[in-house]
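Q: Give me the fold of what follows.
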Amino acid sequence: MAVRRQSALGAALRGARAASGLTQAALAAQAGIARATIIQLEAGRGRLSTLATCAATLGLAPVVGGRETDGKSIGATLADRRRELGLAPNQAVPLTKIRAQAIADIEGDGDMVLVATAERLAESLGCRLTLAPAANPYASQSATEES
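A: Have a look, this model is predicted:
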C-alpha cells in the first residue's frame, strides 16, 4: 500500500489559517466556498484554483522552489522551471509520469487542476510548492477577484 505524503500546500494553508485565528468555517465564508472544501484543501486534495482563492483570502502567495512567483501563476512558474531544465512538454512526461494533457492544463492554469498533481509535477521538476505572505496581499486578492 502506497503511503500518501503530506501536502506542502495543504499544510501551509492550514497553518496560515490557524495563525490568523480563523476557523475552517470562517475562512470558507470569507472565500465564498464550503467548509468541506477547506477540509479537502488542507488535506492536499481539491482544485489548485480554489486553493489559490483561499491563499489570496489569507494574504498568501504561491512560492515555487523557494522563489516567489512575482505575480505569475503556479502553472506559469512551473512552465518556466520546465524550460529552465531544457525540457519540452513532451519530454517532461516520462520524467514526471504525468500525462501531457495534465501538464498542459497545469501550465495553462486550467480550472480542473488538482493540488496533488501540481505538487507532483513540481517535485518531479526538482522544486516544492508552498505558500508565503504576499508582498502586497491586495494585489493577489484583486488578481483572484478578476479571474
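
Q: any idea which residue sits dead centre in this structure?
A: Taking CA atoms, centre = their mean as the criterion, residue 48 is the residue nearest the geometric centre of the chain, at 4.9 Å.

Q: Contact partners for the closest residue to that one other than its chain neighbours?
A: Excluding its sequence neighbours, the residue lying closest to residue 48 (CB to CB, 6 or more residues apart in numbering) is residue 113, at 4.4 Å. Bear in mind the C-beta positions are built from the backbone N, C-alpha and C, glycine included. If a contact means CB atoms under 8 Å, 6 or more residues apart in numbering, then residue 113 has 47-49, 75, 102, 105-106 as its contacts.

Q: Adding secondary structure, distance to residue 85 and pLDDT, write those residues out as CSV.
A: Formatted as CSV, the contacts of residue 113 follow (DSSP: H, G, I helix; E, B strand; the rest coil; distance: CB to CB, whole Å; pLDDT from 0 to 100):
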residue, secondary structure, distance to residue 85, pLDDT
47, strand, 26, 96
48, helix, 21, 93
49, helix, 25, 93
75, helix, 16, 93
102, helix, 18, 95
105, helix, 19, 95
106, helix, 15, 95
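
Q: So residue 111, which state does it fall into?
A: When the structure is reduced to helix, strand and coil (DSSP: H, G, I helix; E, B strand; the rest coil), residue 111 reads as coil.

Q: Give me the distance between it and residue 105.
A: 9 Å (CB to CB, to the nearest Å).

Q: and if you look at residue 20?
A: Taking CB to CB as the criterion, residue 20 is separated from residue 105 by 31 Å.
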